[in-house]
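Peer 1: 3D, please:
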Amino acid sequence: MSRRLLAIAAAAALTFTFAACDVGGDGPVTEPPQQVGTSDGGGAAPSDGGGAAPSDGGDDQTVAASDIPAPDPADYAGMDEHTADGATQAFRYYIAVSMWAHQTGETELLGSLQTDDCSSCTEFNKDIEQLRDHGEYWSTFRLTDVGTNLHDSKNFDHEIGYYFKTSPHTRPNDDFSGRVDVKEVEYITVGGMLWASDHWSTGGINAEWGDDVQK
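Peer 2: Numbers count the residues shown, from 1 in each chain. Modelled structure (predicted):
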């Protein structure tokens, strides 16, 4: 699977380099619990919501939006606290909601978790609009947490490194003429987090993903 690196606008540049799982940061790496389900934000197995079963990649198969609940904020304890750990939990929640949106086409919740000028968030989530336009989505999958890291930042209150994997699933191909089987994908993400009155918002995101980006 090809790797892509999302560029951050100069006005909100994230200050880091990709290097295994510490991603150039000075903060401690933590290892959150494994197997975060995108269906409920916790460890439960993802629901199929009565939707179509995952495709085997055949050209005549589609996967409609799964009727699965959004990730539960309760599974990201402290994400509304004005602390570094709160920022970490809020960014993990943002990523979980983004992955859920790729399975459902729902973006209202996702939009409420990011700043209006987070152009990099739009880039990171641009596939969702195309999926919704075609009425076809990623099949259900699970997130497995690998670790998090806290970075110093000149542009945000905190920069949070978050490393995770998605389990095998299917997706439409580029022209939506069929589906492709996607093996486990590794993600390295860094989110620029801003505190606004009583909650954290994602103000910038940089991400790389592929077969072995965490190595």
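
Peer 1: can we go C-alpha only for contacts and neighbour counts from here?
Peer 2: Will do.

Peer 1: just the strands in this protein please.
Peer 2: Using DSSP state E, the strands of the chain run over residues 4-5, 29-30, 36-37, 142-151, 158-166, 169-172, 179-182, 185-196, 199-210.

Peer 1: report the helix or strand with the lowest average pLDDT across this protein.
Peer 2: strand 4-5 (a mean of 36; mean pLDDT, DSSP states H and E).

Peer 1: helices or strands next to the helix of greatest length in the chain in the packing?
Peer 2: Ranked by number of residues, the top helix in the chain under DSSP state H is helix 84-104. Judged by 3 or more C-alpha pairs under 8 Å, 6 or more residues apart in numbering; DSSP states H and E, helix 84-104 is in contact with helix 108-112, helix 126-134, strand 142-151, strand 158-166, strand 185-196, strand 199-210.

Peer 1: again, 10 Å this time
Peer 2: If you count contacts as 3 or more C-alpha pairs under 10 Å, 6 or more residues apart in numbering; DSSP states H and E, helix 84-104 packs onto strand 36-37, helix 108-112, helix 126-134, strand 142-151, strand 158-166, strand 185-196, strand 199-210.

Peer 1: and the angle for the last one with helix 84-104?
Peer 2: In this structure, strand 199-210 runs at an angle of 60 degrees to helix 84-104, with axes from the mean of the first three to the mean of the last three C-alpha atoms, to 10 degrees as the basis.

Peer 1: how about the contacts made by the nearest residue to S167 once chain neighbours are set aside?
Peer 2: With sequence-adjacent residues excluded and distances taken as C-alpha to C-alpha, 6 or more residues apart in numbering, S167 is closest to E184, at 4.8 Å. Counting by C-alpha atoms under 10 Å, 6 or more residues apart in numbering, E184 makes contact with M1, F141, R142, L143, K165, T166, S167, P168, H169, G210, D211, D212.

Peer 1: and stretch 175-192, C-alpha only, in CSV?
Peer 2: C-alpha atoms of stretch 175-192 as CSV (Å, rounded to 0.1, in the frame of the first residue of the first chain):
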residue,chain,number,x,y,z
ASP,A,175,-12.5,4.9,-9.3
PHE,A,176,-15.2,3.0,-7.3
SER,A,177,-15.4,0.3,-9.9
GLY,A,178,-14.7,-2.4,-7.4
ARG,A,179,-13.3,-3.1,-4.0
VAL,A,180,-9.8,-3.9,-2.7
ASP,A,181,-8.7,-6.0,0.2
VAL,A,182,-6.5,-3.9,2.6
LYS,A,183,-4.2,-5.7,5.0
GLU,A,184,-3.2,-4.4,8.4
VAL,A,185,-2.2,-0.7,8.0
GLU,A,186,0.2,1.1,10.3
TYR,A,187,-0.4,4.8,11.1
ILE,A,188,1.8,7.4,12.6
THR,A,189,-0.1,10.6,13.4
VAL,A,190,0.7,13.8,15.2
GLY,A,191,-2.1,16.2,16.2
GLY,A,192,-1.8,19.8,17.1
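
Peer 1: show me what counts as buried in it.
Peer 2: For stretch 175-192, a neighbour-count test (16 or more other C-alpha atoms under 10 Å) marks 178-181, 184-192 as buried.
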